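K.L.:
My questions are about this predicted structure, shown below with the sequence.
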Amino acid sequence: MSTFDSPAFRRFVETFADRLHERRDELTQLDSAIGDADHGINMDRGFSAVRGKLDELAAADLGGFSKGVGMTLISTVGGASGPLYGTFFLRLATSFGDRASATPDELGEALRAGLDGVRQRGKAELDDKTMVDAMSPGVDAYEAASADGMGAALAAAATAAAAGRDRITPLVARKGRASYLGERAANHQDPGATSTTILFESLRDAVAES
Amino acid sequence: MSTFDSPAFRRFVETFADRLHERRDELTQLDSAIGDADHGINMDRGFSAVRGKLDELAAADLGGFSKGVGMTLISTVGGASGPLYGTFFLRLATSFGDRASATPDELGEALRAGLDGVRQRGKAELDDKTMVDAMSPGVDAYEAASADGMGAALAAAATAAAAGRDRITPLVARKGRASYLGERAANHQDPGATSTTILFESLRDAVAES
Amino acid sequence: MKKLMNAADDMVDEALAGMAAAHPDLIRVIEPNVIVRADAPRQGKVGIISGGGSGHEPMHGGFVGMGMLDAACAGAVFTSPVPDQMLAATKAVDGGAGVLHIVKNYTGDIMNFELAAELAQAEGIEVTSVILADDVAVKDSLYTAGRRGVGGTVLAEKIVGAAAEEGQDLAAVTALCQRVQDNVRSMGMALTSCTVPAAGKPTFEIGDDEMEIGVGIHGEPGRERRKLASADEITEALLTPILDDMPFSSGDKVLAFVNGMGGTPLIELYVIYNKVAQMCADRGVTIERNLVGSYITSLEMAGCSITLLKLDDEMTRLWDAPVHTAALRRGA
Amino acid sequence: MKKLMNAADDMVDEALAGMAAAHPDLIRVIEPNVIVRADAPRQGKVGIISGGGSGHEPMHGGFVGMGMLDAACAGAVFTSPVPDQMLAATKAVDGGAGVLHIVKNYTGDIMNFELAAELAQAEGIEVTSVILADDVAVKDSLYTAGRRGVGGTVLAEKIVGAAAEEGQDLAAVTALCQRVQDNVRSMGMALTSCTVPAAGKPTFEIGDDEMEIGVGIHGEPGRERRKLASADEITEALLTPILDDMPFSSGDKVLAFVNGMGGTPLIELYVIYNKVAQMCADRGVTIERNLVGSYITSLEMAGCSITLLKLDDEMTRLWDAPVHTAALRRGA
Ligand SMILES: Nc1ncnc2c1ncn2[C@@H]1O[C@H](COP(=O)(O)OP(=O)(O)O)[C@@H](O)[C@H]1O
Ligand SMILES: Nc1ncnc2c1ncn2[C@@H]1O[C@H](COP(=O)(O)OP(=O)(O)O)[C@@H](O)[C@H]1O
Ligand SMILES: [Mg+2]
Ligand SMILES: [Mg+2]
Ligand SMILES: [Mg+2]
Ligand SMILES: [Mg+2]
């Protein structure tokens, strides 16, 4: 398939919500080592809230749906990840506008806008050891492969996000709570980069399913 | 030997102090199970204080020496055992009066007076599972054997005290902290009966040494 | 053993030195380990003293000051203080109107306070004593040493302290203290044991899925070990015996006190209080006043106790009266 | 996990319900989990609000009341509250004189408060923010998220709350809050970890002979793990970096705050305070005011933190001003 519509978006959100719920303890465990042991709990709380009003949210166009997800996350997640993921979806919404569906390029633009939003809100640079280190290579890979179609581009994005997540594991963190740990944060996988990888994998699988 | 004099009393007090110090953790452990985990600490604190002024105390006659020990215990032990052991030595003092030494019978009278003092102060009856259950048979056995000489009588007393200590182990306590535990106090050895047994053993060994 | 401490034997002395350094406006610490109100003795005022083993902070030293205690005697950890301390306290606070000893019902405390009272009376100071024994976990019978004095003591010290502050005489404050005792009931529980510093290891072992119901304040095992339960179930297990024992019934006005044992954070105490409020409402018992916090503790033990006091108008008025101590302050 | 709790997801709600039940004279709790001063909004008074994750009780909800906060937003345990909460709080307390947000320096808190401030400003309410970042365990550099906001927050809330109470305007209380921030330094340590209720197991494992130095207030591991040491050594390990960082020097007047982490009993805090007093005296630093107790906690974590605030006359006066909240009370 070559367009991304509201049903695909819904599958994506549901898949992401399911996986966050399944991997809640894993994400929390990662956050125990270099944070405050709540990342899985936070993400699961937010996406449970999203799931609770999915029918209502999905009734809107792509932009409205995405905006609804972003607002819900901002109102329920808290912590660092709430405003960051919330902003991601709000920027997706602005980029989608009132479209009913998005072409591969339009999806790429939206993802790029989401990434930019996260970077502006959190002021993290590459190598600061945050979700940006998974999101940024994910978006880059999507753009590089988008000529091959949405499915291929999303597969490349997911692979790149995972690689980004793993690449920064040896690093010391410079943003977020993990930065308090200094050297002790090295050789721990970042929880936010992990949830962002799950986001790209969910997007890939939701689109592949159709 | 057939009299009990100030050097013998000193040996007794020193032996008792040594053994309480050595067995401090054991006594505290017993008190952990059915009390508040301080009996060994309390007794050791009191007898360390006694040891610290032993030269001064021992300069007096038998009554004065014993009174000094009792006053020191009252001023340093606290808890239930402070007033009880303090009273024991104060009553010994009254009974010894200004004697320089005591005959077997006089020692028996003093021990009986000590026991009476403990019973009056603590209002414990036999089988209440307290130090009285070691002290009372100890004094009884001493009196029964005193015709055989002080050494034999003290040996009998120590044996009887130990037997009393063990006899009440299966019982439920009716006085002191152990009584709060109800049935849970059964089958635990009483700390106070244990220290009282050490008292009689120290007395036996201090006299035998001479 | 994990504690913020230096040598075990110095812990009480150092904590008292810390208190003296922190609150010179309220208290001074005199030998042998007696915390005395800075402005004691006050002529014509009945002196109110209490004391007990250390390890229950802020009780009793944190309650010395205007409107509460005139002095507190700090024993070794979990060990009744010695008569010398209560005698020194009594002499230090006597303003000619007599001194009330508030004693928690433990064999050691009773005997040591008794000895001190005899000595003080021999020196011409009028002394009365009231024994607090509010712990419904212990049967009050010939077969026990009687109920322990626990949370009710804090309430008695506040109410009686206010009465003495407003000039009531020794007979009146003594009778009032007895009235508090007659109308107060408590029960406690523990999630963990605690470690007596000089003993170096926990007083009892307890599993991750177990709790002790009916504990006192000395790290002693409780009446019964049970499977760990929810806050609501724990509250029921503590409050039902309290409500039934008095009994507290519809129309009664009470002071409800939810107390932490030392290692329990405030968020948990408010969860408990929430259920206490519901249960009291269900019985028609009106909570007129409340106290939530860690006021009578067992070192670092995790757990809580609940205390209910049936209030009359005088008690309520005295509870509300100004107080200025390290641990309780209002209207001052 | 051993806690006095029911379902983990209900813990914060139930604790807030307990607070509301216990202190109806002081506070009310409005949706979504905002603790508001009972008499808010007060016309013409600058509103002071704060908030953060739960699990730090009594901070912040216990500081709502006369002379301190007008509202506090309670997030999930250790999770910054969401903007809806700060917006609701800001609207509930706005008396026309603007609202100050006191924010602890954590990425999540900053971003959520920022979003709320934008929304409030869009609704015509004047909002300023001051960020507390007093934890010297964290290097304040390009390579970190900056120092955490810890114990200094409690002092800021008291002092700034008093300034607002006496009628200072938004610019003045904002500048004062910044002045407190500029003059306050803290550092903390942990003997044990704590357990986030929804996580169900301790955030970190730690040996019986180990401690974490330089922890924050979220059960996060500290800067460094060391062998367990004495109270005096621990005090030195915390206070020396504080004294050196500011630096505090001879002739300075300070407020010294020894704080318990939630699972540490008061007796241990006084042992620490004793050493703090000695060390300050040795440096010629005068402790003019002090605070000893558990005011900013990490659930049931055992440990402590030390905070020093360099006082000026206005801060001292405002520290002494009347306050009436659930956790701090004086002159009222
Ligand atoms: N400034 C930032 N920019 C981007 N991502 C960040 C930033 N700070 C933290 N993160 C991400 O947020 C994750 C932690 O999220 P979470 O645990 O939910 O929030 P909190 O740190 O407030 O507890 C980190 O693993 C990191 O990837
Ligand atoms: N009323 C009493 N009469 C005699 N002995 C008693 C009485 N109450 C307690 N004891 C003895 O005291 C011992 C406990 O002493 P200790 O632990 O030093 O005091 P506390 O109980 O105050 O902590 C008990 O084991 C018991 O033998
Ligand atoms: Mg986190
Ligand atoms: Mg004992
Ligand atoms: Mg004891
Ligand atoms: Mg968090």
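P.N.:
Yep, that arrived. As the structure is a prediction and not an experimental result, all values here were calculated from the model. Numbering: from 1, shown residues only, chains lettered A, B, ... in the order given. Ligands and ions are numbered 1, 2, ... in the order given.
K.L.:
Please see if stretch C:146-159 touches ligand 2.
P.N.:
No. Using CB under 6 Å from any ligand atom, stretch C:146-159 never reaches ligand 2; the gap is at least 11.0 Å. All C-beta atoms are positioned from the backbone trio N, CA, C, and that covers glycine.
K.L.:
and that stretch, C-alpha only, in CSV?
P.N.:
Provided in CSV are the C-alpha atoms of stretch C:146-159 (Å, rounded to 0.1, in the frame of the first residue of the first chain):
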residue,chain,number,x,y,z
GLY,C,146,-1.3,-5.4,81.3
ARG,C,147,-1.8,-3.3,78.3
ARG,C,148,1.2,-1.4,77.0
GLY,C,149,1.3,2.4,76.9
VAL,C,150,1.6,3.5,73.2
GLY,C,151,0.0,6.2,71.0
GLY,C,152,-2.4,7.4,73.7
THR,C,153,0.7,8.8,75.6
VAL,C,154,1.2,11.4,72.9
LEU,C,155,-2.3,12.7,73.3
ALA,C,156,-2.2,12.6,77.1
GLU,C,157,1.0,14.6,77.1
LYS,C,158,-0.5,17.3,74.9
ILE,C,159,-3.8,17.6,76.7
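K.L.:
Indicate whether that stretch makes contact with chain B.
P.N.:
Yes. Residues of stretch C:146-159 contacting chain B under CB under 8 Å from any CB of the partner chain: residue C:148.
K.L.:
show me where the stretch 1-150 of chain C has strands.
P.N.:
Along the stretch 1-150 of chain C, the segments classed as strands by DSSP state E, counting those that start in this stretch run C:27-30, C:34-37, C:47-54, C:71-77, C:99-104, C:127-132.
K.L.:
Can you confirm whether stretch C:202-215 lies near ligand 4?
P.N.:
No. Judged by CB under 5 Å from the ion, stretch C:202-215 makes no contact with ligand 4; its nearest approach is 10.0 Å.
K.L.:
Of all the residues in that stretch, which ones are buried?
P.N.:
C:202, C:203, C:204, C:206, C:211, C:212, C:213, C:214, C:215 (16 or more other CB atoms under 10 Å in any protein chain shown).
K.L.:
And the residue nearest to the fourth one when sequence neighbours are not counted, how far from ligand 6?
P.N.:
So that's residue C:206. Leaving aside its chain neighbours, residue C:206 sits nearest to residue C:193 (5.9 Å; criterion: CB to CB, 6 or more residues apart in numbering or on different chains). According to CB to the ion, to the nearest Å, residue C:193 stands 31 Å off from ligand 6.
K.L.:
phi, psi of residue C:193?
P.N.:
Phi and psi for residue C:193, reported as degrees, to the nearest 10, are phi -90, psi -180.
K.L.:
Look at the residue in chain A that ligand 5 sits nearest to and give its secondary structure.
P.N.:
With CB to the ion, the shortest gap between chain A and ligand 5 falls at residue A:37, namely 39.2 Å. Here residue A:37 is recorded as coil under DSSP: H, G, I helix; E, B strand; the rest coil.
K.L.:
any idea of the pLDDT on it?
P.N.:
What the model reports as pLDDT for residue A:37 is 91.
K.L.:
I'd guessed it sits against residue D:196; true?
P.N.:
Yes. Checked against CB atoms under 8 Å, the pair residue A:37 and residue D:196 is within contact range at 4.6 Å.
K.L.:
what sits in contact with each of those two?
P.N.:
Residues touching both residue A:37 and residue D:196 by CB atoms under 8 Å, 6 or more residues apart in numbering or on different chains: A:28, D:78, D:203, D:219.
K.L.:
show me what contacts residue A:192?
P.N.:
A:39, A:80, A:81, A:84, A:130, A:131, A:134, A:176.
K.L.:
The third one: how many residues sit nearby?
P.N.:
Pointing back at residue A:81 there. Residue A:81: 30 surrounding residues under other CB atoms under 10 Å in any protein chain shown.
K.L.:
And it, what's its pLDDT?
P.N.:
The confidence metric pLDDT takes the value 97 at residue A:81.
K.L.:
which residues touch the closest residue to it other than its chain neighbours?
P.N.:
Once flanking residues are discounted, residue A:81 sits nearest to residue A:42: 5.4 Å by CB to CB, 6+ apart. Counting by CB under 8 Å, 6+ apart, residue A:42 makes contact with A:77, A:78, A:79, A:81, A:82, D:76, D:79.
K.L.:
and those near ligand 6, which?
P.N.:
When contact is defined as CB under 5 Å from the ion, the contacts of residue A:42 meet ligand 6 at A:79, D:79.
K.L.:
tell me the two of the contacts of residue A:42 that are most distant?
P.N.:
A:81 and D:76 (12.0 Å; CB to CB).
K.L.:
and residue C:274, helix, strand or coil?
P.N.:
Recorded secondary structure, residue C:274: helix (three-state DSSP).
K.L.:
circling back: can you tell me which of the contacts of residue A:192 is nearest residue C:66?
P.N.:
Of all the contacts of residue A:192, residue C:66 sits closest to residue A:80, with 47.5 Å by CB to CB.
K.L.:
isn't that closest one right next to residue D:78, touching?
P.N.:
No. Look at residue A:80 against residue D:78 with CB under 8 Å: they stay out of range, at 11.7 Å.
K.L.:
between these two, which one's more packed in?
P.N.:
Neighbours were counted for residue A:80 and for residue D:78 using other CB under 10 Å; residue D:78 has more, 35 against 30.
K.L.:
The more buried one and residue D:56, how far apart?
P.N.:
Distance, residue D:78 to residue D:56, using CB to CB, to the nearest Å: 8 Å.
K.L.:
what about the residue of chain A at minimum distance from ligand 2, how many neighbours?
P.N.:
Distances from chain A to ligand 2, computed as CB to the nearest ligand atom, single out residue A:37 as the nearest residue at 40.5 Å. Residues lying near residue A:37 (other CB under 10 Å) number 30.
K.L.:
residues touching it, list them.
P.N.:
By CB under 8 Å, 6+ apart, the residues touching residue A:37 are A:28, A:29, A:31, D:78, D:196, D:199, D:203, D:219.
K.L.:
Tell me who's in contact with the closest residue to ligand 6 within the stretch 101-250 of chain C.
P.N.:
Proximity of the stretch 101-250 of chain C to ligand 6 (CB to the ion) peaks at residue C:231, 23.5 Å away. Neighbouring residues of residue C:231 by CB under 8 Å, 6+ apart: C:268, C:271, C:272, C:275, D:3, D:4, D:5, D:6, D:14.
K.L.:
I figured the first one hits residue C:304, correct?
P.N.:
Yes. Distance between residue C:268 and residue C:304: 7.3 Å, which falls inside the contact criterion (CB under 8 Å).
K.L.:
which neighbours do the two share?
P.N.:
Both residue C:268 and residue C:304 are in contact with C:260, D:4, where contact means CB under 8 Å, 6+ apart.
K.L.:
Please enumerate residues in contact with stretch C:21-32?
P.N.:
Against stretch C:21-32 from outside (CB under 8 Å, 6+ apart): C:16-17, C:19-20, C:35-38, C:61, C:64-65, C:82, C:84-85, C:88, C:92, C:324-326, D:270, D:273-274, D:277, D:290, D:292.
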